[in-house]
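Asker: take a look and give me a structure for this.
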Amino acid sequence: MSKRTIATVGVFLLFANINVAQAVNGTSNGIDISGTIVRLISFLLGMCGATYLAAGLWQRAEKGSETWKYLSISMVLFVFWNVIMAFGILLDVLTAQRAEHEIAISVDALNTYYAIVRILDPVIEVIVFVILLFGLRKIINAMRNEPWSVFSKEDSDE
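Answerer: Okay, the predicted model is just below:
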């Protein structure tokens, strides 16, 4: 456990390229290091949590109503959204590092990646929440009409 923690912190420090003076000031070329790390950790935890929830909801769909699959698909898309946002953090750090050091990434490439992230962010968010609301509406309707079918499948023999 401690080796994983040390490796994770080491990756973050290597990723952010922090030296002692920057650690004391808390910034690196306009990037708040602690805020960047907290955002990155939150997106990584969001990926883990949404994956776990998607698997649980899919399993619930296998045992009960098929409407749980809508919620599971929504959580899978939420994982994809977290990946896109973590990629956005990588772009922020690369932009700051490019300003400090000469990195071989061109400005046009960074602008293209930024445009892709800025377009995909709201589109994926809207799709996630529309599917989530649609799935919740179907579950609520099923709970009103046939509450026994939400958590357990009906046998076709009866």
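Asker: got phi/psi on residue 65?
Answerer: When quoted as degrees, to the nearest 10, the phi and psi of residue 65 stand at phi -70, psi 150.
Asker: I misspoke; the intended subject was residue 64.
Answerer: Per degrees, to the nearest 10, the backbone of residue 64 is at phi -130, psi -140.
Asker: quick one: contacts for it?
Answerer: For residue 64, the contacting residues are 149, 150, 151, 152, 153, by Cβ atoms under 8 Å, 6 or more residues apart in numbering. (C-beta placed from N, C-alpha, C; glycine too.)
Asker: what does residue 142 give?
Answerer: 65, 67, 149, 150 are the contacts of residue 142 under Cβ under 8 Å, 6+ apart.
Asker: so how far is residue 50 from residue 151?
Answerer: 22 Å (Cβ to Cβ, to the nearest Å).
Asker: these two: who's more crowded?
Answerer: residue 50 (20 against 13; other Cβ atoms under 10 Å).
Asker: make sure the more buried one is indeed in a helix.
Answerer: Yes - remark: residue 50 belongs to a helix, assigned using DSSP: H, G, I helix; E, B strand; the rest coil.
Asker: may I have the residues that are in contact with residue 73?
Answerer: 54, 131, 135.
Asker: show me the contact partners of stretch 74-92.
Answerer: Stretch 74-92 is contacted from outside by 31, 36, 39-40, 43-44, 46-47, 50-51, 53-54, 57, 110, 113-114, 117, 120-121, 124-125, 127-129, 131-132, 135, using Cβ under 8 Å, 6+ apart.
Asker: just the buried ones out of the residues you listed, please.
Answerer: 31, 36, 39-40, 43, 46-47, 50, 53-54, 57, 110, 113, 117, 120, 124, 127-128, 131-132, 135 (16 or more other Cβ atoms under 10 Å).
Asker: so which of the contacts of residue 64 sit within helices?
Answerer: When DSSP state H is applied, the contacts of residue 64 are split such that 149, 150, 151 fall in helices.
Asker: for the last one, which non-adjacent residue is closest in space?
Answerer: I take that to be residue 151. The shortest distance from residue 151 to any non-neighbouring residue, by Cβ to Cβ, 6 or more residues apart in numbering, is to residue 64 (4.6 Å).
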